[in-house]
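> okay, sequence plus prediction incoming.
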Amino acid sequence: MKTNKIIKKGLFILSGIIGLFIAILLFHIITAKPPVYDTPNLQVSRIDFKSDIDSMQARKICADLRSIKGLTSDSIIVKRNVVVYFHNNKITNSEKVFNELMAKGKGHYDAQRYILPANLADKEVCPMNQNSLSYRLSQKINRFFN
């Protein structure tokens, strides 16, 4: 008889603790706000070269780009006749980077800055199909918690 009372008390206390934890969890989920990060806004830009870039030129271009403020050393990709780089658009923009690179190249670079065509500039870049069920479901869940 005493064992049943002890087991019932233990289960009652355990269910109370679990209920308290669930209430705390729900409180945190409901009152949570999305974090605000003051991180740099990275933007991808491209420079098209008219002649082939050999390995020596690629090293020189990378060195020149790394010396420009707002670019990081691991964000420069040189392939074929194209240089793709990421820059912090709070510090610099693609036009400034292009002009500084041309100034550092002292006329040796035959290149032009890639400018996105107007019909592509307004196009959304979300990789998901926005009419799909999974996209709509994830949006509803995101709106519920934020």
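Ah, there it is.

> lowest-pLDDT helix or strand in the protein?
strand 71-79 (a mean of 72; mean pLDDT, DSSP states H and E).

> can you name the next helix or strand after it?
strand 82-88 (DSSP states H and E).

> now do the helix or strand that contains Asp64: distance to the chain's middle.
Here Asp64 sits within helix 55-66, counting by DSSP H and E. With CA atoms, centre = their mean, to the nearest Å as the basis, helix 55-66 stands 25 Å off its chain's centre.

> quick one, helices of the protein?
Here the chain has its helices, by DSSP state H, at 2-31, 55-66, 94-105, 118-121, 133-145.

> nearest to Gln112, out of those helices?
helix 94-105 (8.3 Å; CB to CB). The C-beta positions use only the backbone N, C-alpha and C, and glycine is treated the same way.

> count of neighbours near the nearest residue to Tyr109 once chain neighbours are set aside?
If you skip the residues right next to it in sequence, Tyr109 has Met102 as its closest partner in space, 6.0 Å away by CB to CB, 6 or more residues apart in numbering. Neighbour count for Met102, taken as other CB atoms under 10 Å: 18.

> surely Met102 and His108 touch.
No - using CB atoms under 8 Å, Met102 is not in contact with His108, being 9.3 Å away.

> what residue ranges in this protein are flagged as low confidence?
Along the chain, the model assigns pLDDT under 70 to residues 1, 36-40, 72-75, 121, 124-126, 146.
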